[in-house]
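Asker: need coordinates for the following:
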Amino acid sequence: MKRAVFKRSYQNQPALFPFEIERLIPSTHPVRLINTIVDKLDLNSVINTYKGGGASSFHPRMLLKVLIFGYLNNLYSSRKIAKAIHENIYFMWLSGQSFPDFRTINHFRGKRLNGQIEDVFRQVVLLLAESGVISLKEVFTDGTKIESAANRYTFVWKGSIEKNKQRLEEKIQNVLAEINQAIESDNTDKEETPDVSTLSTEELNDKIQSINEKLKQSQGSKKLQKKVEKLQEESLSKLAQYEKHLQVMGDRNSYSKTDPDATFMRMKEDHMKNGQLKPAYNVQMSTENNFLTNYSIHQRPGDTATYKPHLNSYNDKYGHYPEVAVADAGFGSAENYEFLENNGIEPYVKYTYFHKEQSRKFRLDVSRIENLHYNKEQDYFVCPMGQKMIAIYKSWRTSDLGYKYEVTHYRSQNCLGCSMRGACNKQKGNRTIEVNHKLIIYKQKARENLLSEKGIELRGRRCSEIEQTFGQLKWNKKFNRFLLRGIEKVSIEIGLLALAHNFQKLSVLQTINTLFCLKYLLYKFLFDLNSNIHLKLCPLIGYNPIPNYTLPEIKKAA
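Answerer: Below you'll find the predicted structure:
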């Protein structure tokens, strides 16, 4: 029986020459791509945040590389990244064998990159555009909700605060009326009881101070003095607390005490897809060729209100709006369509009932305004029974976002005894409809774009563009909850995540291009060897020959 032979271990053997980590890093590894691209970025704005003097600091370029590579490898905690720098050769090589601790990494991420991460992201996207990977002419936009790091049970609801505040104001008003009545027993110089609902906390405090002075002058009873003290110590402070809650909330309907910037949103996370209210942020993202080109953080749960500021942030980054915008029905509104038209953006944005209106059931529904015939010249609709629905008046409406639009009201002449009354409408009297003509025009243009050959192609790409990106970020990268609190720091995390996503996609594309060129060279070798057998051997190497293209052209296309 032969004896087993084992390789010799050189664990404690001293080396004549120092060991080089460079030899262990593959040439196609993503860490080299991050190192090369970050070295090309202009980080003077980040460097200027450092003050001179004192001990030397770790270079921000190195810390940025480490953070991006950490997010690319699903390491979001500063402690885990600091640990990886001591244990992982790729982190060691990227950091130049420098070993910053987790406090340094966290401070750089939360403080130094605050307000700077968007410029870093913009520079990377512009480099992708210069290399021809993206064109910055079309955007596929959608939103997703990511949970905040706040406590889930520290919610403050606007409806509850307003209700309690109203009760407290009524209570204060009754107490003030009782005190005034007791102080001014005679009718001379009698003051009217103030309307507390219109007073601020400061004005109410002044009123209490004046009552205290009157009590001292008239030597009021101790019972009245106790009521005033209770009013000042308990009710006034509670009223100030309610006002502070409403001020923090602003236009929102809720917020979290541990993260005031987070809003409670309905999230579908359990296996039954039942909505759960959790503190979260609405993250809007735009992609092109699966590369993230823009992102923005919003506090409103709905996507409709976020579209305009999201595209405005795109314009701020690159100095122009995209030529083509693709989005789902959550963004289809008159305000958004008008914004796209005013900025020269071709809309491929769905609207509510876009898919339903193409069904036979929808087209046969006589209650839908879309199915009524409209005479544009004489401005009237025709009901299913052939009666004219004449315009009676116009009015202006204002949406929750402050957008004003005109609505025309039409009414039929006589619906009494109509055989289709139950199917047509269930109103009392003659049927009345409200029509936003501007929205109908916008929908017609969007419908034509979406049903065109290009629109069908873009609608098919949308699922593989932005939806696939959300799957990568939330499923593959396991980024379902922020680590930092506050909308500014949350933006930093999303920026690093977007950078990591783009580097990962670019690394995959680089690997594919390398294999493509190798296959092409092998194909050329087989062709030069024997032109009769090259077509039979090419499928074996997984290459589809393109005889009309030269090698430089194929490299450029790849």
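
Asker: counting contacts, what elements does the helix or strand containing residue 458 pack onto?
Answerer: If you go by DSSP states H and E, residue 458 is part of helix 453-462. With contacts taken as 3 or more CB pairs under 8 Å, 6 or more residues apart in numbering; DSSP states H and E, helix 453-462 sits against strand 138-147, strand 324-327, strand 346-349, helix 437-451. C-betas here are computed from N, CA, C, even on glycine.

Asker: mind checking what helix or strand follows that helix in sequence?
Answerer: Taking DSSP H and E, what comes next after helix 453-462 is helix 468-471.

Asker: please identify the buried residues of that next one?
Answerer: Of all the residues in helix 468-471, those buried under the rule 16 or more other CB atoms under 10 Å are residue 469.

Asker: strands along the stretch 101-250 of the chain, start to end?
Answerer: Using DSSP state E, counting those that start in this stretch, the strands of the stretch 101-250 of the chain run over 138-147, 155-157.

Asker: ramachandran angles for residue 85?
Answerer: The phi and psi torsions at residue 85 (degrees, to the nearest 10) take the values phi -60, psi -30.

Asker: out of the strands of the stretch 101-250 of the chain, flag the one nearest residue 507.
Answerer: Nearest to residue 507 among the strands of the stretch 101-250 of the chain is strand 138-147; the distance by CB to CB comes to 21.4 Å.

Asker: still on that earlier bit, mind putting the helices and strands packed on helix 453-462 into a markdown table with mean neighbour count and distance to residue 500?
Answerer: Shown next, in a markdown table, are these (neighbours: other CB atoms under 10 Å; distance: least, CB to CB, whole Å):
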| stretch | mean neighbour count | distance to residue 500 |
| --- | --- | --- |
| strand 138-147 | 22 | 15 |
| strand 324-327 | 24 | 24 |
| strand 346-349 | 22 | 29 |
| helix 437-451 | 16 | 33 |
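
Asker: next, format the ones you listed as TSV and append mean pLDDT.
Answerer: Shown next, in TSV, are these (pLDDT from 0 to 100):
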stretch	mean pLDDT
strand 138-147	94
strand 324-327	96
strand 346-349	95
helix 437-451	93
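
Asker: so which of these gets nearest residue 20?
Answerer: Minimum separation from residue 20 across the helices and strands packed on helix 453-462 (CB to CB) falls at strand 138-147, 40.9 Å.

Asker: what is that closest one packed up against?
Answerer: Against strand 138-147 (3+ CB pairs under 8 Å, 6+ apart) you get strand 263-268, strand 275-288, strand 291-298, helix 307-318, strand 324-327, helix 453-462.

Asker: of these, which approaches residue 236 most closely?
Answerer: Closest to residue 236 of the helices and strands packed on strand 138-147, according to CB to CB: strand 263-268, at 28.7 Å.

Asker: name the residues that touch that closest one?
Answerer: Residues external to strand 263-268 that are found in contact with it (CB atoms under 8 Å, 6 or more residues apart in numbering): 145, 147, 155, 157, 252-256, 274-282, 299-301.

Asker: ditto for stretch 109-121
Answerer: The contact list for stretch 109-121, computed with CB under 8 Å, 6+ apart, reads 41, 43, 45-46, 49-50, 60, 63-64, 67, 78, 295, 317, 484, 488-489, 491-492, 495-496, 498-499.

Asker: can you check stretch 414-432 too?
Answerer: The contact list for stretch 414-432 (CB under 8 Å, 6+ apart) reads 366-367, 383-385, 387, 389, 392, 409-413.

Asker: follow-up on the earlier one: want to try TSV for the helices and strands packed on strand 138-147, with distance to residue 243 as columns?
Answerer: Putting the helices and strands packed on strand 138-147 into TSV (distance: least, CB to CB, whole Å) gives the following:
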stretch	distance to residue 243
strand 263-268	19
strand 275-288	22
strand 291-298	25
helix 307-318	28
strand 324-327	38
helix 453-462	45
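
Asker: circling back: residues in contact with the helix holding residue 458?
Answerer: Among residues not part of helix 453-462, those counted as contacts by CB under 8 Å, 6+ apart are 138, 140, 142, 324, 326-328, 348, 449-450.

Asker: if we can go back for a sec, so of the contacts of stretch 109-121, which ones are in strands?
Answerer: Counting by DSSP state E, the part of the contacts of stretch 109-121 found in strands is residue 295.

Asker: how many neighbours does residue 356 have?
Answerer: The tally of other residues near residue 356 (other CB atoms under 10 Å) stands at 12.

Asker: what pLDDT does the residue most central in space within the chain get?
Answerer: For the chain, the residue sitting closest to the mean C-alpha position, by CA atoms, centre = their mean, is residue 283 at 1.9 Å. Per-residue pLDDT puts residue 283 at 96.

Asker: show me what it is bridged to.
Answerer: According to DSSP bridges, the partner residues bridging residue 283 are residue 144, residue 297.

Asker: please begin residue numbering at 527 from this point
Answerer: Okay, using 527 as the starting number, the last item reads as residue 809.

Asker: can you pull the contacts of residue 626?
Answerer: The neighbours of residue 626, taking CB under 8 Å, 6+ apart as the test, are 584, 589, 592, 608, 611.

Asker: just to confirm, which helix or strand has the closest residue to residue 998 other than its chain neighbours in it?
Answerer: Nearest residue to residue 998 in three dimensions, chain neighbours excluded: residue 1027, at 6.5 Å (CB to CB, 6 or more residues apart in numbering). Using DSSP H and E, residue 1027 maps to helix 1013-1055.

Asker: per-residue pLDDT, residue 736?
Answerer: For residue 736, the predicted pLDDT is 68.

Asker: burial count for residue 546?
Answerer: Using other CB under 10 Å, residue 546 has 9 neighbouring residues.

Asker: quick one on the thing from earlier: can I get the helices and strands packed on helix 979-988 in a markdown table including distance to residue 618?
Answerer: Output for those, formatted as a markdown table (distance: least, CB to CB, whole Å):
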| stretch | distance to residue 618 |
| --- | --- |
| strand 664-673 | 31 |
| strand 850-853 | 43 |
| strand 872-875 | 47 |
| helix 963-977 | 52 |
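
Asker: what's the closest of these to residue 657?
Answerer: Closest of those to residue 657 is strand 664-673, at 17.3 Å (criterion: CB to CB).

Asker: so where is this protein shaky, pLDDT-wise?
Answerer: 708-726, 728-731, 733-734, 736-751, 795-800, 1040-1084 (pLDDT under 70).

Asker: how does it divide into domains?
Answerer: Segmentation of the chain into domains, based on automatic domain parsing, reads 555-639, 683-782, 898-964, 1042-1083.

Asker: returning to that earlier point: and the contacts of helix 979-988 as TSV, adding distance to residue 925?
Answerer: Output for the contacts of helix 979-988, formatted as TSV (distance: CB to CB, whole Å):
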residue	distance to residue 925
664	28
666	25
668	22
850	26
852	24
853	18
854	20
874	23
975	24
976	23
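
Asker: which one of the residues you listed is nearest residue 814?
Answerer: Among these, residue 664 lies closest to residue 814 (CB to CB), at 5.9 Å.

Asker: what's near enough to touch the closest one?
Answerer: Residues touching residue 664, when contacts are defined by CB under 8 Å, 6+ apart, comprise 814, 848-852, 984.

Asker: run the last query once more with 10 Å
Answerer: Each residue near residue 664 by CB atoms under 10 Å, 6 or more residues apart in numbering is listed here: 812-815, 819, 848-852, 871-872, 874, 984, 987, 991.

Asker: returning to what we had before: any idea which of the strands of the stretch 627-776 of the chain gets closest to residue 930?
Answerer: strand 664-673 (24.8 Å).

Asker: indicate which one of the helices and strands packed on strand 664-673 is closest to residue 560.
Answerer: Residue 560 lies closest to strand 817-824 among the helices and strands packed on strand 664-673, at 15.2 Å (CB to CB).
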